[in-house]
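**Q** Sequence plus predicted model, see below.
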Amino acid sequence: MNKLQRSSLYQLSIMRFRLTLREPEAIFWVFVFPILLTVGLGIAFRNRPADVLQVGATTSQLTRALAADEGLTATTMDEPSGTHALATGSILLLAIQQPDGVVYKYDDSNPDARTARLLANRAIQTAAGRRDAIHAENQQIHEPGARYIDFVVPGLLGMNLMGSAIWGIGFSIVEARQKKLLKRMVASPMPRWQFLASYLISRLAMLILEVAAFLGFARLMFAVPFRGSLWQLALLCVLASLAFSALGLLVSSRARTMEAASGLMNLVMLPMWILSGVFFSASRFPAVIQPIVRALPLTAAIDALRGNMLQGMNLGQMIAPIAILLAWVAVPFAVSLRIFRWR
Amino acid sequence: MLHAESRTQGNSPALSLCGVRKAFADVIAVNGLDLEMARAECFGLLGPNGAGKTTTIEICEGLTAPDEGQVELLGLNWRNGAGELRQRIGVQLQETQFPEKLTVEEVLRLFRSFFRRGIPVEESIQSAQLEEKRGARVGTLSGGQRQRLAMACALVGDPELLFLDEPTTGLDPQARRHLWDLVDRLKQAGRTIILTTHYMEEAERLCDRVAIMDHGRILALGTPQQLIASIGGEHIVEFAITGHESGVGVADVARLYAIPGVQSHRSDAGLHQLSVRELHTVVPRIFAELDRQGLHMSEFRTHSATLEDVFVGLTGRNLRDE
């Protein structure tokens, strides 16, 4: 054995790393799940031509007028079958010819039906000879960096960093406590700080694989942009992961059973899943709770990741989220060292 | 400097406890314990479950702090010599489950890395006879193999003092004998061993000296031979009385006790136990006496006295009773 292999910190870290890799479920949650989620969201929010809306009309004249709009497809049907088609959702709007004009039948609480109402009226008025008062043209946004997938990838990355750190560390510490392995460890001359540090080290080693796999996939499949410096992005991932690892240590520092631990973990993570802006911007929440939302480590992590990836900001421009993350590293780690239950 | 110090400590006892007490909530687990163990001794704490054995051994191991009393190991104590002590003792806990997905060799490499000096991992695998299981994951090991792995982890730092907490509990008889052979070899190598057990045959077989514990106290202390001799006879005669020629039979205990050669008598649910010195002279006298009282016997057996009999004599209960 060489000197490195004889070091207890190395042995502890390599043990953690091995145990993670030998756990098939962990591999799924860490590597496969975020990729599946990205694929799903990528498909759901892919850029496609705006939906063509289905409408009906009671005369073939109206149908022709409606079909002239590229946003609509129209079918001729009598009023009873049109009403039935509305009820079953196969059309959004029925245009009924009246002696004195046209009546639109639609559900005005449905946004698509309201759009259909606007388009149908425009088509019928245009067919009757109305002309636009002002000339207008459209310019559509499809370039990378402004799509929903670009927005959601840094969010998913932050969420994944949180989940793998808190679950990965929390469950294995509580399991070790439950199986009396912690007690056996402190009965040996092992330095206690090394035991906790080994979790952080193996977490960082996993992080390299996990972040590279996820971001590589997002880059290849969706051409998600990396506008900031890559090493700063790496640094932000390390910082976020350390903050969540410290939180994972804190959550598991006293719990004796898996049930207690998983309850605590959900208690810690659930507010962040909702509030921290993984799927939509956190600024949508009311101003009253914004200070709380901003102080959450996941909000800070996602803000920083989006700043780097989407806006190309450097670390100096992100002092606030970085300071919040640093506080989330220091405080939970210090507290858990004090209250950790070794037996 | 350190060398000179350890030489002067060479004469101190391997372990000494003085006035040790420990209570958990409303239960007094250890109630004023004084003990001293010499080096190269194999010392056994024998007692039923809940007697305070594990608490005692964990106080010695520095895992539990006593409420009162002094603990000294190898001339050091846990307050200011903990780091040094951890390097010099080996510990096997009652129920440690090593990570199931690590191999035997990986677990031992890990534990070896904690000690400044010790034996090569290879040697510890051999001494625990786990050569064939070197690459096997802990999850695939049998109960006996897991216990031997735990023992190997305790030995990998080449400890001066070895603690074994119920090393054979839950093992089948063959695995138990296998582990006893392992402890025998350690004894022959001159290691100081402290073990707890509730198997009296284990204490008799392995220990140079035994302390019998119950309710947090030491009831008796000595070599197994001394303890057995303390009940006054090497043989135990047991019999039950079913009836009398004229109805229910009750033996006249005073007259049984008066038989020459009977050292002690106790009866429990109609079963009489006499400890006697010489079976061949005393047994005919017992028969004659029961005959004289007109009593019928239903059972009759004798066995050599064991530590179990010592425990029964001291507490009126069996070791395995709860």
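**A** Thanks, I have the structure now.
**Q** where do the helices sit along the stretch 101-250 of chain A?
**A** Here the stretch 101-250 of chain A has its helices, by DSSP state H, counting those that start in this stretch, at A:111-127, A:148-178, A:181-186, A:192-222, A:230-251.
**Q** what do you get for chain B?
**A** B:2-9, B:53-60, B:82-88, B:104-112, B:121-127, B:143-155, B:173-188, B:200-206, B:224-230, B:253-257, B:279-292, B:307-315 (DSSP state H).
**Q** List just the one of those helices that sits closest to residue A:62.
**A** Ranking the helices of chain B by proximity to residue A:62 (C-beta to C-beta) places helix B:104-112 first, at 78.2 Å. For the C-beta atoms, the positions are set from N, CA and C on the backbone; glycine is no exception.
**Q** Please save the CA atoms from the closest one in CSV.
**A** The C-alpha coordinates for helix B:104-112 follow below in CSV (Å, rounded to 0.1, in the frame of the first residue of the first chain):
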residue,chain,number,x,y,z
VAL,B,104,-14.3,-8.1,3.6
GLU,B,105,-10.9,-6.8,2.4
GLU,B,106,-12.3,-3.2,1.9
VAL,B,107,-13.7,-3.1,5.4
LEU,B,108,-10.4,-4.3,6.9
ARG,B,109,-8.3,-1.8,4.8
LEU,B,110,-10.6,1.0,6.1
PHE,B,111,-10.1,0.0,9.7
ARG,B,112,-6.4,-0.6,9.3
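**Q** how's the chain carved up into domains?
**A** Here I'm looking at chain A. Per automatic domain parsing, the domain ranges recorded for chain A read A:3-45+A:144-339, A:53-127.
**Q** try chain B instead
**A** Using automatic domain parsing, chain B is parsed into the domains B:2-223, B:232-304.
**Q** ranking these by mean pLDDT, which is last?
**A** With a mean of 79, domain B:232-304 has the lowest mean pLDDT of those.
**Q** ok so, going back, of the helices of chain B, which is nearest chain A?
**A** Between chain A and the helices of chain B, the tightest spacing by C-beta to the nearest C-beta is seen for helix B:82-88, at 3.7 Å.
**Q** Okay, buried residues for that closest one please.
**A** Within helix B:82-88, the residues that count as buried by 16 or more other C-beta atoms under 10 Å in any protein chain shown are B:85, B:86, B:87, B:88.
**Q** hmm, that helix touching chain A?
**A** Yes - using C-beta under 8 Å from any C-beta of the partner chain, helix B:82-88 reaches chain A at B:83, B:86, B:87.
**Q** Next, count neighbours for the residue lying closest to the first one once chain neighbours are set aside.
**A** With sequence-adjacent residues excluded and distances taken as C-beta to C-beta, 6 or more residues apart in numbering or on different chains, residue B:83 is closest to residue A:189, at 7.0 Å. Neighbourhood size, residue A:189 [other C-beta atoms under 10 Å in any protein chain shown]: 19.
**Q** pretty sure residue A:189 is touching residue B:86, no?
**A** Yes - assessed by C-beta atoms under 8 Å, residue A:189 is found in contact with residue B:86 at 3.7 Å.
**Q** The helices of the stretch 101-250 of chain A into a markdown table, with extra columns for mean neighbour count?
**A** Compiled in a markdown table, those are given as follows (neighbours: other C-beta atoms under 10 Å in any protein chain shown):
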| stretch | mean neighbour count |
| --- | --- |
| helix A:111-127 | 17 |
| helix A:148-178 | 23 |
| helix A:181-186 | 20 |
| helix A:192-222 | 18 |
| helix A:230-251 | 23 |
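**Q** so which of those comes closest to residue B:317?
**A** Nearest to residue B:317, of all these, is helix A:181-186, at 30.2 Å by C-beta to C-beta.
**Q** Packing partners of the closest one?
**A** Judged by 3 or more C-beta pairs under 8 Å, 6 or more residues apart in numbering or on different chains; DSSP states H and E, helix A:181-186 is in contact with helix A:148-178.
**Q** average pLDDT for the helix it packs on?
**A** The average of the pLDDT scores along helix A:148-178 is 90.
**Q** What distance do you get for residue A:204 to chain B?
**A** Residue A:204 sits 20 Å away from chain B when distances are taken as C-beta to the nearest C-beta, to the nearest Å.
**Q** so who does that residue touch?
**A** By C-beta atoms under 8 Å, 6 or more residues apart in numbering or on different chains, the contact set of residue A:204 is A:238, A:241, A:242.
**Q** Look at it and report its pLDDT.
**A** 90.
**Q** picking up where we left off before, now do the same contact list for the residue nearest to residue B:83.
**A** Applying C-beta under 8 Å, 6+ apart, we find residue A:189 in contact with B:83, B:86, B:87, B:114, B:115, B:116, B:157.
**Q** could you dump those residues to CSV with distance to residue A:134?
**A** Listed next are these as CSV, based on distance: C-beta to C-beta, whole Å:
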residue, distance to residue A:134
B:83, 85
B:86, 85
B:87, 88
B:114, 81
B:115, 86
B:116, 86
B:157, 88
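**Q** my guess is residue A:186 contacts residue B:63, does it?
**A** Yes - in terms of C-beta under 8 Å, residue A:186 counts as a neighbour of residue B:63; the distance is 7.2 Å.
**Q** Need the overlap of contacts for these two.
**A** Common contact partners of residue A:186 and residue B:63 (C-beta under 8 Å, 6+ apart): residue A:343.
**Q** Closest one of the buried residues of helix B:82-88 to residue A:116?
**A** Distances from residue A:116 to those, taken by C-beta to C-beta, are shortest for residue B:86, at 77.2 Å.
**Q** so what's the closest one up against?
**A** Residue B:86 is in contact with A:187, A:188, A:189, B:62, counting by C-beta under 8 Å, 6+ apart.
**Q** In chain A, where is pLDDT below threshold?
**A** Scanning chain A for pLDDT under 70 picks out the ranges A:1, A:45-51, A:140-145.
**Q** Which positions in it make contact with chain B?
**A** With C-beta under 8 Å from any C-beta as the criterion, chain A comes near chain B at residues A:1, A:5-8, A:10-12, A:15, A:18-19, A:22-23, A:176, A:179-181, A:183-184, A:186-190, A:343.
**Q** 6 Å instead?
**A** When proximity is defined as C-beta under 6 Å from any C-beta of the partner chain, chain A approaches chain B at A:6, A:8, A:11, A:15, A:19, A:22, A:179-180, A:184, A:187-190.
**Q** Please pick the buried ones from the residues you listed.
**A** Taking 16+ other C-beta under 10 Å as the criterion, what is buried in these is A:8, A:11, A:15, A:19, A:179, A:180, A:184, A:187, A:188, A:189, A:190.
**Q** State the number of residues packed around residue B:97.
**A** Residues near residue B:97, counting by other C-beta under 10 Å, number 16.
**Q** circling back: nearest to residue A:139, of the buried residues of helix B:82-88?
**A** Closest approach between the buried residues of helix B:82-88 and residue A:139, by C-beta to C-beta: residue B:86, at 72.2 Å.
**Q** and the gap between the closest one and residue B:17?
**A** Residue B:86 is 19 Å from residue B:17, where distance means C-beta to C-beta, to the nearest Å.
**Q** looking at it, residue B:176 is touching residue B:167, isn't it?
**A** No - judged on C-beta atoms under 6 Å, residue B:176 makes no contact with residue B:167 at a distance of 8.8 Å.
**Q** if you count what's nearby, which of the two comes out ahead?
**A** With neighbours defined as other C-beta under 10 Å, residue B:176 and residue B:167 compare such that residue B:167 has more, 25 against 20.
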